[in-house]
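Okay, sequence plus prediction incoming.
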Amino acid sequence: MSIPPLAFTSPEFLAIFLPVTLIAYHAFRATPYVNIVLFAASIVFYASNGVIYLAPLLVTCVVDYVVGARLAVWPDGRKRKWLFVASVALQIGLLCVFKYAGWLSTELPRWAAALGIGLSISPVSLPLPPGISFYTFHTISYTADIYRRRFRPQGNLIDYVTFVAFFPQLVAGPIARAASLLPQLVRARPAANWEAFETGAWLVCWGLFKKLVIADGCGDLVAHAQSAFAGGQRDGVGYVFMYAFALQIYADFSAYTDIARGIAKFFGIELTRNFLTPYFSASPSEFWQRWHISLSSWLRDYLYIPLGGNREGWAKTLRNLMITMSLGGLWHGAGIGFVVWGLYHGVLLVIYHVTDLDGRLRRALGVRLGGAIAIFLMFQLVSIGWIFFRAPADDLGAMLASLATSPAAAFANPAFWPLLASVLLYGAPLLLTELLGYALDCEFVDVYARFVPPMKVAAFAIALEGILIFASKTPRQFIYFQF
């Protein structure tokens, strides 16, 4: 999984950008110009990776701002409906052109050849604007909520562009809803307070620890396991690859969310929570209520429910689940692996919907034992799904087959033990903090908030020391930057 470097992630850029933005913001906090500061900062942040990327972002923003204003005042009718449809078509069209045109230009001839059809298409190569999948969903939710008369436009064009392009969450979420974020941008800013800065600083610190130590360390293990697997040492290595990537993608993505939310707090802005101990889920539906919450709730509100949800009988409910999850998989990237991953989760949702497997386990074995087994089983199923998401297409079938390796064969493989020990080592701090959060039904930042001051100082010291000592020597871009 190769992700090109992004200029706005360089330490040198951030060391200048963040302090200057914070100073300017708080200097203008009590003036009407405060949003101009955030607007300018977001534009500079995004353009630092290429001014050309501003074109689709600004086109989308201007069009949807105008569309939203018209939808708010026009009476219900066909004209209003078609304006909304045209707006969504433009947004989806831009996303498809940049994200899927290159992939389809190479895959369609191959698929046609497999069917005995001659098809010649010149390969298309377009740069993928960072975060286009995220900001496209920002703008669609804005016009959709206005069309449904659940939200009225607020603020001016500067406020709207700032909502869409707010730099902490622009590139990899959380996916913002206008009803949540726009009012925060329009209202008067509260005075800076120590609690917000402290919580924000902890979110950034803990996010950096998860990213630089756990996620990047597990990324090294994934690469080693993949090399060992390709080199023929396959017994048990598929499990190492699977579990290491399960830890990597969660630590990596939740780290970005923590950092984004922490930085937003420095500006007096609350971003939505995106994760809540997802690997302690007992069923697929619970997993999607805890994993990438802003995406799963978006898909539910703007795709699954409009399709009919569960209101039209079980057959259409299952159909709607499969459509939603397959499109959710495709949202993640242009590739068969992403589609299969989405379909896989759709099948899991259908199976659990029909069988009530987690409920049966609790009824048969008791709430505690049955619930623990249901959580363990769900983690295995989710981890298997990550193989579709990450494994090279050439190794996918062999890696899935290798999961049937007997324990004796895995233990006899010399490549298995050091990799397994490393997975357990990196997973330990994540397991401990997630276990605390699950026991208290909250995030680890909420657990931190309950600490007395000496414990908070110790938490900062441990996290910072862990970063200095154990940070991976091969830092990697955030995985979701490619989406």
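That came in fine, so what should we check first? Residues are numbered from 1 along each chain as shown.

okay, stretch 443-461 in CSV with CA atoms only?
Written as CSV, here are the backbone C-alpha positions of stretch 443-461 (Å, rounded to 0.1, in the frame of the first residue of the first chain):
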residue,chain,number,x,y,z
GLU,A,443,-12.9,6.7,24.9
PHE,A,444,-9.5,6.7,26.4
VAL,A,445,-9.5,10.5,26.4
ASP,A,446,-12.5,10.3,28.8
VAL,A,447,-10.6,7.9,31.0
TYR,A,448,-7.7,10.4,31.0
ALA,A,449,-10.1,13.2,32.1
ARG,A,450,-10.8,11.2,35.3
PHE,A,451,-7.1,11.1,36.2
VAL,A,452,-5.9,13.3,39.1
PRO,A,453,-3.2,15.8,38.0
PRO,A,454,-0.2,13.6,38.9
MET,A,455,-1.6,10.8,36.9
LYS,A,456,-2.1,13.2,33.9
VAL,A,457,1.5,14.3,34.1
ALA,A,458,2.6,10.7,34.2
ALA,A,459,0.4,9.8,31.2
PHE,A,460,2.0,12.6,29.2
ALA,A,461,5.5,11.6,30.3
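
Tell me the buried residues in the helix or strand of the chain with the lowest mean pLDDT?
Within the chain, no helix or strand scores below helix 407-412, which has a mean of 77 by mean pLDDT, DSSP states H and E. Neighbour-count burial for helix 407-412, with 16 or more other CB atoms under 10 Å as criterion, is recorded at Ala410. Glycine gets a C-beta too; all of them are placed from N, C-alpha and C.

Tell me how this structure divides into domains.
Following automatic domain parsing, one finds the domains of the chain at 7-189, 195-482.

Now the element after the least confident helix or strand of the chain, going C-ward?
Per DSSP states H and E, the first helix or strand lying C-terminal to helix 407-412 is helix 416-440.

Can you list the helices and strands that the least confident helix or strand of the chain packs against?
Packing partners of helix 407-412 (3 or more CB pairs under 8 Å, 6 or more residues apart in numbering; DSSP states H and E): none among the helices and strands.

And the contacts of that helix?
For helix 407-412, the external contacting residues (CB atoms under 8 Å, 6 or more residues apart in numbering) are Asp235, Gly236, Tyr239, Phe416, Trp417.

Contacts only, for the fourth one.
Just to be clear, that refers to Phe416. Contacts of Phe416 (CB under 8 Å, 6+ apart): Gln233, Asp235, Gly236, Val237, Val240, Ala410.

Secondary structure class of Arg29, three-state.
Following DSSP: H, G, I helix; E, B strand; the rest coil, we place Arg29 in the coil state.

mind checking how far Ile375 is from Leu369?
Counting by CB to CB, to the nearest Å, the gap from Ile375 to Leu369 is 11 Å.

If you count surrounding residues, which of these two has more?
Neighbour totals were compared for Ile375 and Leu369, and Ile375 leads with 19 against 12 (other CB atoms under 10 Å).

Once you drop chain neighbours, what's closest to the more buried one?
Leaving aside its chain neighbours, Ile375 sits nearest to Ala282 (5.2 Å; criterion: CB to CB, 6 or more residues apart in numbering).

Ile479 now?
Counting by CB to CB, 6+ apart, Asp252 is the residue found nearest to Ile479 once chain neighbours are left out, at 4.9 Å.

wait, the one you found sits on Pro475?
No - applying CB atoms under 8 Å, one finds Asp252 not in contact with Pro475, separated by 11.4 Å.

And these two? Which one has more around it.
Asp252 (24 against 13).

Name the spans of the stretch 1-150 of the chain whose pLDDT lies under the cut-off.
Counting by pLDDT under 70, the stretch 1-150 of the chain shows low-confidence ranges at 1-9.

Kindly state the pLDDT recorded for Gly370?
pLDDT, Gly370: 92.

so what's it up against?
Counting by CB under 8 Å, 6+ apart, Gly370 makes contact with Asp358, Leu361, Arg362, Arg363, Ala364.

now the residues you listed: which count as buried?
The neighbour count (16+ other CB under 10 Å) marks Asp358, Leu361, Arg362 as buried among the contacts of Gly370.

The one helix or strand Val222 maps to - what's its average pLDDT?
For Val222, the element it lies in under DSSP H and E is helix 216-230. For helix 216-230, mean pLDDT is 87.

Check stretch 254-261 too.
For stretch 254-261, mean pLDDT is 94.

starting at the chain centroid, how far to that stretch?
Centroid separation between stretch 254-261 and its chain, computed with CA atoms, centre = their mean, to the nearest Å, is 10 Å.

From the rest of the structure, what touches it?
Against stretch 254-261 from outside (CB under 8 Å, 6+ apart): 168-169, 172-174, 200, 203-204, 206-211, 214-215, 270-271, 273-275, 445, 478, 480.

Quick check on those: which are buried?
Buried by 16+ other CB under 10 Å: 168-169, 172-174, 200, 203-204, 206-211, 214-215, 271, 273-275, 445, 478, 480, out of the contacts of stretch 254-261.

shaky segments in the stretch 351-483 of the chain?
Within the stretch 351-483 of the chain, the segments meeting pLDDT under 70 span 483.

Walking through it, point out its helices one by one.
Listed in chain order, the helices of the stretch 351-483 of the chain (DSSP state H, counting those that start in this stretch) span 357-365, 367-390, 393-402, 407-412, 416-440, 444-449, 453-470.

want to try a markdown table for the ones you listed, with distance to Gly313 as columns?
Shown next, in a markdown table, are the helices of the stretch 351-483 of the chain (distance: least, CB to CB, whole Å):
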| stretch | distance to Gly313 |
| --- | --- |
| helix 357-365 | 21 |
| helix 367-390 | 26 |
| helix 393-402 | 34 |
| helix 407-412 | 45 |
| helix 416-440 | 35 |
| helix 444-449 | 40 |
| helix 453-470 | 51 |
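
which stretch among these comes nearest Leu95?
Judged by CB to CB, the one of these that comes nearest to Leu95 is helix 367-390, at 19.7 Å.

So for that closest one, what gets flagged as buried?
Residues of helix 367-390 classed as buried by neighbour count (16+ other CB under 10 Å): 370-375, 378-379, 381-390.

All the strands of the stretch 101-250 of the chain, residue numbers only.
Shown for the stretch 101-250 of the chain, no strands are assigned by DSSP state E, counting those that start in this stretch.

can you give me the helices for it?
According to DSSP H, counting those that start in this stretch, the stretch 101-250 of the chain carries its helices in the segments 132-147, 157-165, 167-170, 178-186, 194-209, 216-230, 237-266.

Looking at those, spot the one closest to Phe17.
Set against Phe17 and scored by CB to CB, these come closest in helix 167-170, at 8.7 Å.

Please state the offset of that closest one from the chain centre?
With CA atoms, centre = their mean as the basis, helix 167-170 stands 13 Å off its chain's centre.

Which helix or strand contains Thr21?
Element membership of Thr21, judged by DSSP H and E, is helix 11-27.

tell me how far that helix is from the chain's mean position?
Taking CA atoms, centre = their mean, one finds the center of helix 11-27 at 25 Å from the center of the full chain.

got the buried residues for it?
Going by neighbour count (16+ other CB under 10 Å), the buried part of helix 11-27 is Phe13, Phe17, Leu18, Thr21, Leu22, Ala24, Tyr25, His26.

now for that helix, which elements pack on it?
Counting contacts by 3+ CB pairs under 8 Å, 6+ apart, helix 11-27 packs against helix 34-47.

Contacts for the helix it packs on, please.
For helix 34-47, contacts defined as CB under 8 Å, 6+ apart pick out 8, 17, 21, 24-25, 28, 53-54, 57, 130-131, 155, 158-159, 161-162, 165-167, 170, 185, 189, 267.
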